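Colleague: what shape does this take:
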Amino acid sequence: MAGCGEELKLLGMWASPFVVRVQIALRLKGFSYEYVEEDLQNKSELLLRSNPVHAGKVPVLIHNGKPVCESSVILRYIDEAFSGAEPSLLPADDPYGRAMVLFWAAFIDDTLLKARSQALRGETGEEKEQGRKKAAAAMETLEGVLRESKARFFSGRDGPGYLDIMLGSLLGSMRATEEICGLQTFDPTTTPLLAAWAELFCALDAVEPVMPRVERLVEYAEATQPRTAVSSTTN
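Modeller: This next block holds a predicted model:
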């Protein structure tokens, strides 16, 4: 049962940064929830029934029996369905500010993650190097966004918001990738604000218990390659 008096059940898989996104959001809101670990090689009937469009991908949040899929959508749903629960993840009374947060959130998934994927899985050395350059450029862009917030968090507040969760949930898998193949997470020279932000984010009470350990992610990735990858198991 959630602290809001509603029934919440999260179907997930421990290594997925997208599942971590939802866990962090629920914990920031102070909600309790039932977590169900899924075996993605032998998916449960509940998962397949709850997300038939995307072949049973996780995460799926089930609220009072109704499933909501895809991490970015779930975060927005949590914020809107429980609008009275603080902190708000998105700006409530600032349509432009809200639009900008959603724009940069899409940039993280559509530009940064795709660039890192190219750097890891490009067919040639040249393709991989192009991916590395794109990923580095995306990081520098996000460094500028954080600088413009004039705060320790992207939210512009003393605590994290939607954009912090969207990027911060990826830190475990990004650091595991750095350990495996040297694809740097943040360059302290070119992105010092992001480097400091990452340490601050991972130390938060809502984050630390659900952020997978890098060592365990590395072991998982090495054991399951090429069948899967740390950052591409879910949505």
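
Colleague: give me the phi and psi angles of the residue nearest the centre of the chain.
Modeller: Nearest to the mean C-alpha position of the chain, counting by C-alpha atoms, centre = their mean, stands residue 169 at 3.5 Å. Residue 169 has phi and psi values of phi -70, psi -20 when expressed as degrees, to the nearest 10.

Colleague: give the contact list for the closest residue to residue 178 other than its chain neighbours.
Modeller: Residue nearest to residue 178 in three dimensions, not counting chain neighbours: residue 185, with 5.1 Å by C-beta to C-beta, 6 or more residues apart in numbering. Just so you know, the C-beta spots here come from the backbone N, C-alpha and C atoms, and that holds for glycine as well. Applying C-beta atoms under 8 Å, 6 or more residues apart in numbering, we find residue 185 in contact with 171, 174, 175, 177, 178, 198.

Colleague: which of those residues sits closest to residue 130?
Modeller: Comparing those against residue 130 with C-beta to C-beta places residue 177 closest, at 17.0 Å.

Colleague: which SSE is that closest one in?
Modeller: Secondary structure assignment for residue 177, by DSSP states H and E: helix 171-181.

Colleague: count the residues that sit near residue 145.
Modeller: 18 (other C-beta atoms under 10 Å).

Colleague: residues touching it, list them.
Modeller: When contacts are counted by C-beta under 8 Å, 6+ apart, residue 145 touches 104, 154, 163.

Colleague: how does it look with 10 Å?
Modeller: 100, 101, 103, 104, 107, 154, 163, 167, 193, 194 (C-beta atoms under 10 Å, 6 or more residues apart in numbering).

Colleague: quick one on the thing from earlier: put the buried members of the contacts of residue 185 into a PyMOL selection.
Modeller: Those of the contacts of residue 185 that count as buried under 16 or more other C-beta atoms under 10 Å are selected in PyMOL with:
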select buried, resi 171+174+175+177+198
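
Colleague: before we move on, the earlier item: among the contacts of residue 145, list the two that are farthest apart in space.
Modeller: 103 and 193 (19.3 Å).

Colleague: for the helix ranked longest in the chain, what is the distance to the chain centroid?
Modeller: In the chain, taking DSSP state H as the definition, the longest helix is helix 125-149. On the basis of C-alpha atoms, centre = their mean, to the nearest Å, helix 125-149 sits 17 Å off its chain's mean C-alpha point.
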